[in-house]
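K.L.:
kindly return the folded structure for what I paste below:
(chains A and B, ligands or ions: 2)
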Amino acid sequence: MIEDKFLTRRELAGFIIAIVALAIAAMLPVLNTGYILSLGVTIAMYTVLSTSWALFSGPTHYISLATAAFFGLGMYVVGSGIEVLPFPILAIIATCAGAVLAFLIGVATLRLSGIYFVIFTLGLAEFIRQIVTWVQTTMGTSSGLYVLINIEEKTIYWRLLCLAAFVYLIGWGINRSRLGFALRIIGNDEEVAKHSGINVALVKVLLFMISGSIAALTGALLAPRWTYIEPTIAFSPMLSFLVVIMALVGGAQRLWGPILGVIPFALVWDLITAQFPNQTALMLGIAFLLVVYAIPNGIGGQGAKYWAKFKHWRDFRVT
Amino acid sequence: MSPNLALSVHNVTKNFGGLTAVDQITFDVMEHDVVGLIGPNGSGKTTMLNVISGMLRSSSGKIKLYGRNIARHSANRIARQGISRTFQLVRTLPTMTVAENIAAGGVFSYRRYWGKELNRRIRYMLSHVGLSDKAEMPVAALTYIDQKRVELARALMADPKVLLLDEWLAGLNPSEMKIGINLIRGLRYEGRTIIIVEHHMDAIRSLCDRCVVMNSGVKIAEGNPQAVLNEPEVIRAYLGEENA
Ligand SMILES: Nc1ncnc2c1ncn2[C@@H]1O[C@H](COP(=O)(O)OP(=O)(O)O)[C@@H](O)[C@H]1O
Ligand SMILES: [Mg+2]
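P.N.:
Ligands and ions are numbered 1, 2, ... in the order given. Next comes the predicted model:
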């Protein structure tokens, strides 16, 4: 049957685990404010980006490489408005701008089949980066923007944690709502979805907007981390690829999947970039291939499979 | 009181490039009627259903559901107006359970349920098609006839004004066929309005009030099943020129 209780015991357990994990994570700045905290910021950032990416891409199977476009947009909203508007207002503007951009991309492309969508989103992120670079070099004096606002790294970290908690709440809410049910049907068979009365295009655009606005907000929250932002940092295609890889390593089919990919991958990636600073693109390519070949359903998918096997063994073993 | 006109199809044509799969077809379906749509393979029956359900857009012609135009509307709008269907090649939602598959038909469509009411409705549908003991099974683990039952139950969840069945009985063995025919007969006694595409002539005879015969996209006969199946042109269409 379809779950109709407000909170199941499983969900309650999930909530308690999440709150404990959040509380532990929130204590990180108390222990260390140097290298480990900066690693913490990176992990929190990728957790938000990968989880919100998977909200859209997990059920629809559309691989979006536009994360950097949203992220950079959010960063640039903060960078260009910080002299005139308070930071919270800019964060809201960035979120809305992300939603509008996602709406435009969605309306233009979500009728396309998957492969065209991938190419389009990648091309779009590059296109926006070129436009921003061009605007800055012709209209302004430099190629970047100064973000002169004094926000400590631990504040950024806590804000990202709050956003991560919010993303999980949204994901949980979607999963148990009609919207989530519609998404699962769409992921199984779009034609059946349409014939069941679902406006498939609308659902996809809506989800893409949620995902895009969160990525833009993440960019906005991170802008103060750099005092000087440039298009190459803000709109880095590497970011889009990393978000996809981490989500797939963890498993994009489950809400808690991506974080299982983010934590190990961010740690390993940190080592790799320190060891081979000039071969990051090569390493990224290898990682991509390994992930797709070795764990097509992600750590989450593998885990669920072994858990199912264990339960089968437990319930049917001969005693 | 004269019966209501449920669905009217008027001069509908569907071209695929140079091929006219449905050619100027006109027919009416009265409320509570079961209408058979028959004809040899490739005569355009599935295409006709696809045009009615909005899976394909007609090239020209009018389709009205209780007087309201639905031609060239999108499939989701047509579903919401009260047309449900099953597919010639059964289409289930493979990663979901039987109950969830059935639920899919009754959340966004002509009738919309959620929460406890949805579960009540699912339970009713499960027992209606004989799947009560399989509610929580993954749909992929079901036998062929059970998957067809799931698809039928999903279509019925919306309590549609018109139900379209595309070869719902095809691929069943003789004993399953009896069960299947009885299921559809049950729908008929409920007063459902149905269009069935079918090859099995006994099924057509025992289930349909009227039938429409197509050949190469054109309507070649219409009327009482017994009479229509004896018309020389229909026999010719089915057996080929040389046998007529
Ligand atoms: N999507 C399509 N594109 C091109 N031709 C099609 C398509 N669907 C059906 N046809 C053609 O239209 C004709 C009618 O097919 P169909 O409606 O499936 O017949 P039936 O259901 O009566 O067996 C066939 O010649 C078929 O090849
Ligand atoms: Mg057919």
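
K.L.:
any idea how many residues pack against whatever residue of the stretch 101-250 of chain A ends up closest to ligand 1?
P.N.:
Proximity of the stretch 101-250 of chain A to ligand 1 (C-beta to the nearest ligand atom) peaks at A:Glu191, 12.3 Å away. (C-beta placed from N, C-alpha, C; glycine too.) Neighbour count of A:Glu191, defined by other C-beta atoms under 10 Å in any protein chain shown: 14.

K.L.:
same question for A:Leu222.
P.N.:
Taking other C-beta under 10 Å as the definition, A:Leu222 ends up with a neighbour count of 25.

K.L.:
got the contact list for the residue of the stretch 101-250 of chain A closest to ligand 1?
P.N.:
Listed by C-beta atoms under 8 Å, 6 or more residues apart in numbering or on different chains, the contact set of A:Glu191 reads B:55, B:75, B:87, B:91.

K.L.:
what two of these are the furthest from one another?
P.N.:
Based on C-beta to C-beta, the longest span within the contacts of A:Glu191 runs between B:Ala75 and B:Arg91 and measures 12.8 Å.

K.L.:
show me what the one helix or strand A:Glu11 maps to is packed up against.
P.N.:
Assessed by DSSP states H and E, A:Glu11 sits inside helix A:9-26. If contacts are counted by 3 or more C-beta pairs under 8 Å, 6 or more residues apart in numbering or on different chains; DSSP states H and E, helix A:9-26 sits against helix A:153-175.

K.L.:
got the angle between the helix or strand just after the helix it packs on and helix A:153-175?
P.N.:
Tracing the chain past helix A:153-175, the next element assigned as helix or strand by DSSP H and E is helix A:178-188. Counting by axes from the mean of the first three to the mean of the last three C-alpha atoms, to 10 degrees, helix A:178-188 lies at 80 degrees to helix A:153-175.

K.L.:
now whatever residue of the stretch 201-319 of chain A ends up closest to ligand 2, what's its secondary structure?
P.N.:
Closest contact between the stretch 201-319 of chain A and ligand 2, by C-beta to the ion, is at A:Ala201 (27.3 Å). Secondary structure assignment for A:Ala201 (DSSP: H, G, I helix; E, B strand; the rest coil): helix.

K.L.:
now the residue nearest to it when sequence neighbours are not counted. Its backbone dihedrals?
P.N.:
Among residues not flanking A:Ala201 along the chain, A:Leu110 sits closest, at 5.9 Å (C-beta to C-beta, 6 or more residues apart in numbering or on different chains). The phi/psi pair for A:Leu110 (degrees, to the nearest 10) reads phi -70, psi -10.

K.L.:
what segments of the chain are strands?
P.N.:
Reading this off chain A. A:145-146, A:228-229 (DSSP state E).

K.L.:
oops, wrong one, chain B.
P.N.:
Under DSSP E, chain B gives strands at B:5-16, B:19-30, B:34-38, B:60-65, B:68-69, B:83-85, B:162-166, B:194-197, B:210-215, B:218-223.

K.L.:
before we move on, back to that, columns distance to B:Asn11 and mean neighbour count on top of the strands of chain A, output as TSV?
P.N.:
What follows is those, written out as TSV (distance: least, C-beta to C-beta, whole Å; neighbours: other C-beta atoms under 10 Å in any protein chain shown):
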stretch	distance to B:Asn11	mean neighbour count
strand A:145-146	63	19
strand A:228-229	63	18
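
K.L.:
can I get the ones you listed in CSV with distance to B:Glu167 and mean pLDDT?
P.N.:
Conversion of the strands of chain A to CSV gives the following (distance: least, C-beta to C-beta, whole Å; pLDDT from 0 to 100):
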stretch, distance to B:Glu167, mean pLDDT
strand A:145-146, 64, 78
strand A:228-229, 61, 85
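
K.L.:
distance to B:Leu118 added to the ones you listed, as JSON lines?
P.N.:
Output for the strands of chain A, formatted as JSON lines (distance: least, C-beta to C-beta, whole Å):
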{"stretch": "strand A:145-146", "distance to B:Leu118": "52"}
{"stretch": "strand A:228-229", "distance to B:Leu118": "49"}
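
K.L.:
between those, which one is nearest to chain B?
P.N.:
strand A:228-229 (42.1 Å; C-beta to the nearest C-beta).

K.L.:
low-confidence bits of chain B, can you list those?
P.N.:
Filtered on pLDDT under 70, chain B yields the residue ranges B:1-2, B:241-244.

K.L.:
between B:Ala75 and B:Arg91, which is the more surrounded one?
P.N.:
B:Ala75 (26 against 18).

K.L.:
give me the buried positions along stretch A:98-116.
P.N.:
Neighbour counts using 16 or more other C-beta atoms under 10 Å in any protein chain shown place A:98-99, A:101-103, A:105-106, A:109-110 of stretch A:98-116 among the buried residues.

K.L.:
next: stretch B:106-121.
P.N.:
Within stretch B:106-121, the residues scored as buried using 16+ other C-beta under 10 Å are B:106-110, B:113-114, B:118-119, B:121.

K.L.:
and the residues you listed, which two are the farthest apart?
P.N.:
Pairwise over those, using C-beta to C-beta, the maximum falls at B:Tyr110 and B:Asn119, 19.0 Å.

K.L.:
that older thread, now the angle from the helix holding A:Glu11 to helix A:153-175?
P.N.:
Using the same axes, to 10 degrees: helix A:9-26 against helix A:153-175 is 170 degrees.

K.L.:
contacts only, for A:Thr171.
P.N.:
Residue A:171: Gly, not Thr. A:51, A:55, A:255.

K.L.:
likewise for B:Lys148?
P.N.:
Counting by C-beta under 8 Å, 6+ apart, the residues that B:Lys148 touches are B:86, B:90, B:168, B:172, B:180.

K.L.:
could you redo the last one with a cut-off of 10 Å?
P.N.:
Residues near B:Lys148 by C-beta atoms under 10 Å, 6 or more residues apart in numbering or on different chains: B:86, B:90, B:92, B:129, B:142, B:165, B:167-172, B:176, B:180, B:183.

K.L.:
closest to ligand 1 among those?
P.N.:
Closest to ligand 1, out of all of these and judged by C-beta to the nearest ligand atom, is B:Glu167, at 7.8 Å.

K.L.:
cool, thanks, signing off.
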